[in-house]
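Visitor: Predicted model, plus sequence, below.
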Amino acid sequence: MVARAGRHKALPLPRIIKMNLKRLAPALFIVFANLIGATIILPILPLFAVDQLGGTPFQAVLLDTAYYGAKFVAAPFLGRWSDRYGRRPILILSQLGTVLSFGLFILALPLGRVLDGVGLSLGLGGGLVMLYVARLLDGATGGNSIIAQAYVSDITSDEDRTQALGLLAAALGVGFIFGPAVGGILAARWGVLAPFYGGAIIAAAALLLTIVMLPESLPVDKRSRGGKQRQQHSVGRQALANPSFLLILAIGFIATLCFAAISPTFALYADRVLFTEIGNAALISRNVGLMFTLMGLTAAVTQGLLIKPLVKRLGERRLVVLGQFALLASSLLIPLTANPALFVTGLIPFVFGYGLTDPTLQALITRLGQDDVRGQLLGTYQSGLSLAYILGPIWAGFVFERIAPQAVWWGTAVLFFPAFLLSLVLVRQSSRKLVTGTD
């Protein structure tokens, strides 16, 4: 039986499925459900902030800065706690924060009126203040992706890890397919608050699935020891002194800085450039949701089907080069048109490039450390990306409001050029010493 099977199928994907199906499948499914809940509000949140709560485009875009600012502070702690206490309890904690944040989204208008009635002046309307509070809470507990990456890394071998993380990213991509589409349809049919109710229900269901279905992936004997605080803090210092880590972080930072500029301005861009004749937030939200769905489909195909043969043919580091080239080229072409069909066509290579870059860089990061510090390494890396998510909306909102919506895309093209050059350096650089949990 082994001899017959080994003759024609000795591929990484079947090996992952055969060895880890009972552990990998629940994680992928929960990540899928989490992302549906997270992305269901993408088409409507900026428009809700502007049209319903009186915010400016810049203030609406800064909602993402609030989210990632909180995540930037919390990410290293979540990663460290997951190394110490296990992945499952920290994942449950992060999902509970998401559920509570959706409750605040739903109650933003009535709670905002209470704040306004009290006379609390923060330079913003009370409803917009509540949106910021909700985003801060979700960001502070927003360790879903970090813990999921560490979980998948725990249950896969070094040779399978890139593809396993690609499957995780594909699950995110599939969630991205359904979430914005559902959100746009809910908004068009039942009003602007409907996506927030839908997100709350899905987030609560994902939390229940985690409690019921997901076993712990990190054995007690592989966890970092709570008494070695100096050792835990030294992991971040070792990582930042590692040339390979710094180069990977720089590429990921620039790519994320650009993605963080595009994502929060996307619905506003559609409103101001692509669908100027519609003038209805709910209908624009539906169209934006369908665009996000196409982006999610592209990401799912890239990370679920294409990344495996591309890694085999090109290797991980050359795959980063291909991703950066696709991002650079698409950023130059997209702002040249206001036609929705041509705009969507230009998005495909953009999503393809980011879909290659993100899981590949994560896989390269995990190779720099041992089992007991992998969560901390990913937390440190994610913290750097969160800083990019903080800065991205700030510069994008300023450029969008003060110069032109198209200028955001031109700015990403300028940033992607040095990232492409750094990816060429990465191909020539060999990995340096491993980051370990001991001094």
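Guide: Alright, I've got the coordinates. Computed from a predicted structure; not experimentally measured. Numbering: from 1, shown residues only.

Visitor: just the helices in the stretch 251-400 of the chain please.
Guide: Secondary structure of the stretch 251-400 of the chain (DSSP state H, counting those that start in this stretch): helices located at 281-301, 307-314, 316-333, 340-366, 374-402.

Visitor: tell me which strands and helices the third one is in contact with?
Guide: Right, helix 316-333. Other elements packing on helix 316-333 under the criterion 3 or more C-beta pairs under 8 Å, 6 or more residues apart in numbering; DSSP states H and E are helix 243-269, helix 307-314, helix 340-366, helix 406-428. Yep, even glycine has a C-beta here, placed from its N, CA and C like the rest.

Visitor: do the longest one as well
Guide: Using 3+ C-beta pairs under 8 Å, 6+ apart as the contact test, the elements touching helix 374-402 are helix 57-85, helix 144-154, helix 229-240, helix 243-269, helix 340-366, helix 406-428.

Visitor: Buried residues in that helix, which are they?
Guide: Within helix 374-402, the residues scored as buried using 16 or more other C-beta atoms under 10 Å are 374-397, 399-401.

Visitor: Could you list which residues are in contact with the residue nearest to L45 when sequence neighbours are not counted?
Guide: Nearest in space to L45, with sequence neighbours left out and distances taken as C-beta to C-beta, 6 or more residues apart in numbering, is L63 at 6.6 Å. Contact analysis of L63 by C-beta atoms under 8 Å, 6 or more residues apart in numbering lists L45, P46, A49, L131, Y132, R135, P264, P393.

Visitor: can you do 7 Å?
Guide: Residues in contact with L63 (C-beta atoms under 7 Å, 6 or more residues apart in numbering) are L45, A49, L131, Y132, R135.

Visitor: can you give me the angle the host helix or strand of the third one makes with helix 57-85?
Guide: L131 belongs to helix 126-140 when assigned by DSSP states H and E. The directions of helix 126-140 and helix 57-85 differ by 30 degrees, with axes from the mean of the first three to the mean of the last three C-alpha atoms, to 10 degrees as the criterion.

Visitor: angle of helix 126-140 against helix 144-154?
Guide: Using the same axes, to 10 degrees: helix 126-140 against helix 144-154 is 10 degrees.

Visitor: Show me where the stretch 301-439 of the chain dips below the pLDDT cut-off.
Guide: 369-375, 430-439 (pLDDT under 70).

Visitor: and with 80 instead?
Guide: 303-304, 366-380, 382-383, 386, 429-439 (pLDDT under 80).

Visitor: tally of neighbours for P243?
Guide: 12 (other C-beta atoms under 10 Å).

Visitor: Tell me the spacing between it and Q382.
Guide: 20 Å (C-beta to C-beta, to the nearest Å).

Visitor: what do you get for T265?
Guide: Taking C-beta to C-beta as the measure, T265 falls 22 Å from Q382.

Visitor: What of F420?
Guide: F420 sits 23 Å away from Q382, taking C-beta to C-beta as the criterion.

Visitor: before we move on, what about L91?
Guide: 14 Å.

Visitor: same question, P43
Guide: From P43 to Q382 the distance is 25 Å (C-beta to C-beta).

Visitor: still on that earlier bit, make JSON lines out of the helices and strands packed on helix 316-333 and add distance to A200.
Guide: Output for the helices and strands packed on helix 316-333, formatted as JSON lines (distance: least, C-beta to C-beta, whole Å):
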{"stretch": "helix 243-269", "distance to A200": "20"}
{"stretch": "helix 307-314", "distance to A200": "33"}
{"stretch": "helix 340-366", "distance to A200": "27"}
{"stretch": "helix 406-428", "distance to A200": "31"}
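
Visitor: List the buried residues in stretch 75-93.
Guide: Within stretch 75-93, the residues scored as buried using 16+ other C-beta under 10 Å are 75-76, 78-88, 90-91, 93.

Visitor: Mind pulling up the pLDDT for the spatially most central residue of the chain?
Guide: For the chain, the residue lying nearest the average C-alpha position, counting by C-alpha atoms, centre = their mean, turns out to be S145 (7.0 Å). What the model reports for S145 is a pLDDT of 70.

Visitor: what's the distance between it and G126?
Guide: Plainly put, S145 is 31 Å away from G126 if you go by C-beta to C-beta.

Visitor: Kindly report the same for G112.
Guide: For G112, the distance to G126 - C-beta to C-beta - is 3 Å.

Visitor: need the contact list for G199.
Guide: G199 makes contact with G37, I40, I41, F102, according to C-beta under 7 Å, 6+ apart.

Visitor: Enumerate the positions of the helix or strand harbouring it that are buried.
Guide: Element membership for G199 (DSSP H and E) is helix 194-213. Residues of helix 194-213 classed as buried by neighbour count (16+ other C-beta under 10 Å): 194-200, 202-207, 209-210.

Visitor: That one vs helix 281-301, what angle?
Guide: Using the same axes, to 10 degrees: helix 194-213 against helix 281-301 is 40 degrees.

Visitor: what about helix 194-213, distance to the chain center?
Guide: Distance of helix 194-213 from the chain centroid (C-alpha atoms, centre = their mean, to the nearest Å) equals 18 Å.

Visitor: what's the answer for stretch 394-405, then?
Guide: Its chain's C-alpha centre and that of stretch 394-405 lie 22 Å apart, by C-alpha atoms, centre = their mean.

Visitor: Give me the contacts around that stretch.
Guide: Contacting residues not belonging to stretch 394-405 are listed as 57-58, 61-62, 65, 261, 264-265, 268-269, 272-273, 407-408, 411 [C-beta under 7 Å, 6+ apart].

Visitor: and if we set it to 8 Å?
Guide: Under C-beta under 8 Å, 6+ apart, the answer for stretch 394-405 is 56-58, 60-62, 65, 260-262, 264-265, 268-269, 272-273, 407-408, 411.

Visitor: Neighbours of the spatially closest residue to A281 that is not a sequence neighbour, how many?
Guide: The spatially closest residue to A281, leaving aside those adjacent along the chain, is L47, at 4.4 Å (C-beta to C-beta, 6+ apart). Close neighbours of L47, defined as other C-beta under 10 Å, add up to 22.

Visitor: again with the one 10 residues further on
Guide: Burial of P57, expressed as a neighbour count using other C-beta under 10 Å, amounts to 21.
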